[in-house]
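Asker: 3D, please:
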Amino acid sequence: MLTIVENAGLATAEGRMAAQERDGWHELATRVLDRLPGDDSVDSPDNAVQAAIAALQDAAPAAPAGAFVESSGLGSPAWDQAQVDLADACDAAGAPLAIMVFTGG
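Answerer: Numbering: from 1, shown residues only. Purely as a prediction, here's the structure:
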């Protein structure tokens, strides 16, 4: 899901993708994110990854398929902090967060 967001952002910044297409990819990313197990109801180190996923889900709720969404929440301060928290939680769990950049020329 973070790979989708990163590649759409890079392609838009480099002029290879219009904002409308980027927004469509961002909406898809929120739907992918919504399918991940996120649970912030338990406060324990073992739950840090799920809590960070829940924070991402709160920052960028799933966009309904086929519907126009004014703002996805991606790139908001809450989103940015949740990404940092997810990376930290993944590192602590021994599974570093990886984002693959594959667009470009």
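Asker: where's residue 85, which helix or strand?
Answerer: helix 77-92 (DSSP states H and E).
Asker: which residue ranges form the helices in the chain?
Answerer: 2-13, 19-34, 48-59, 77-92 (DSSP state H).
Asker: Now do stretch 97-105, average pLDDT.
Answerer: On average, the pLDDT along stretch 97-105 is 83.
Asker: Residue 84 is in contact with residue 90, correct?
Answerer: No: contact criterion C-beta atoms under 8 Å: residue 90 and residue 84 do not qualify, at 11.0 Å. Quick note: C-beta positions are derived from backbone N, CA and C, even for glycine.
Asker: Counting neighbours around each, name which of these two comes out higher.
Answerer: residue 90 (16 against 10; other C-beta atoms under 10 Å).
Asker: Give me the nearest residue to the more buried one, chain neighbours excluded.
Answerer: Distances taken as C-beta to C-beta, 6 or more residues apart in numbering put residue 97 closest to residue 90, at 4.4 Å, once the chain neighbours are dropped.
Asker: Sketch out the low-pLDDT regions of this protein for me.
Answerer: 40-46, 105 (pLDDT under 70).
Asker: list the contacts for residue 71?
Answerer: Under the criterion of C-beta atoms under 8 Å, 6 or more residues apart in numbering, residue 71 has no neighbours.
Asker: For it, give its distance to residue 63.
Answerer: 10 Å (C-beta to C-beta, to the nearest Å).
Asker: chain center to stretch 66-79: distance?
Answerer: Computed by C-alpha atoms, centre = their mean, to the nearest Å, the chain-centroid distance of stretch 66-79 equals 10 Å.
Asker: hmm, back to that, quick check: which of the helices of the chain is nearest to residue 104?
Answerer: helix 2-13 (6.9 Å; C-beta to C-beta).
Asker: what does the helix holding residue 85 contact?
Answerer: By C-beta under 8 Å, 6+ apart, helix 77-92 touches 2, 45, 48-49, 51-53, 55-56, 58-60, 73, 96-97.
Asker: same thing but at 10 Å, please
Answerer: 2, 5, 38, 45-60, 72-76, 95-99 (C-beta atoms under 10 Å, 6 or more residues apart in numbering).
Asker: in it, what's buried?
Answerer: Buried residues in helix 77-92, counting neighbours by 16 or more other C-beta atoms under 10 Å, are found at 79, 82, 83, 85, 86, 87, 89, 90.
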